[in-house]
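**Q** mind looking at a prediction? Sequence and model below.
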Amino acid sequence: MEDSKSINKILGARVKDLRLQKGLSQEQLAEILELHEKGVSQIENGRNFVTSKLLAKIVNFFQVAPYVLFTPKPQIMLDEHINYKKEIARMLPGFSQEKLHEIYNILLVMKK
């Protein structure tokens with residue numbers, strides 16, 4: 001069972017994950033969301049919760065469903081990541097077996 005502190009921490013962690021995936025600083029996200037400078041930091045650290053208005057801004061900016069922000073460690077896929085996967089899948093049939101093996105080994109190393 002979750003309490004309010006753990007919900008705040010989950011929300012904060014998800015906002016931070018999404019922010020980092022977009023390559024934004026806390027200050028940049030605060031500006032986008034029209035928050036005080038320290039607003040994003042307080043949310044990410046679980047010290048502050050969000051209003052429904054701010055929640056709507058967050059889900060619309062990051063283009064995720066609201067439940068994503070309240071799910072511990074969801075698999076978050078941004079549109080650009082989905083496009084990378086589609087493009088890679090489209091390219092793979094054109095590679096030789098040897099090249100596919102090289103690509104596989106590179107991915108193994110990168111995953112560590």
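**A** Now that the structure is in, tell me what you want to look at.

**Q** let me know the helix or strand that residue 90 is in.
**A** Following DSSP states H and E, the helix or strand that holds residue 90 is helix 79-91.

**Q** state the next helix or strand along the chain beyond that helix.
**A** Taking DSSP H and E, what comes next after helix 79-91 is helix 97-111.

**Q** does residue 19 touch residue 30 like I think?
**A** No: taking contacts as CB atoms under 8 Å, residue 19 lies outside contact range of residue 30: 10.0 Å. Glycine gets a C-beta too; all of them are placed from N, C-alpha and C.

**Q** what's the overlap in contacts for those two?
**A** Counting by CB atoms under 8 Å, 6 or more residues apart in numbering, the common neighbours of residue 19 and residue 30 are residue 40.

**Q** comparing those two, which residue is more hemmed in?
**A** For residue 19 and residue 30, the more surrounded residue by other CB atoms under 10 Å is residue 19, and the numbers stand at 22 against 19.

**Q** which elements pack onto the host helix or strand of that one?
**A** Counting by DSSP H and E, the element that carries residue 19 is helix 4-21. Helix 4-21 sits against helix 26-33, helix 39-44, helix 52-62, with contacts defined as 3 or more CB pairs under 8 Å, 6 or more residues apart in numbering; DSSP states H and E.

**Q** return the most buried member of those.
**A** Neighbour counts averaged per stretch over those are highest for helix 39-44, at a mean of 21; criterion: mean count of other CB atoms under 10 Å.

**Q** what is the mean pLDDT for that one?
**A** Averaged across helix 39-44, pLDDT comes to 96.

**Q** contacts for it?
**A** The contact list for helix 39-44 (CB under 8 Å, 6+ apart) reads 11-13, 15-16, 19, 26-27, 29-30, 33, 48-50.

**Q** give me that answer again for 10 Å
**A** Contact partners of helix 39-44, identified using CB atoms under 10 Å, 6 or more residues apart in numbering, comprise 8-9, 11-17, 19-20, 24-33, 35-36, 47-50, 54, 58.
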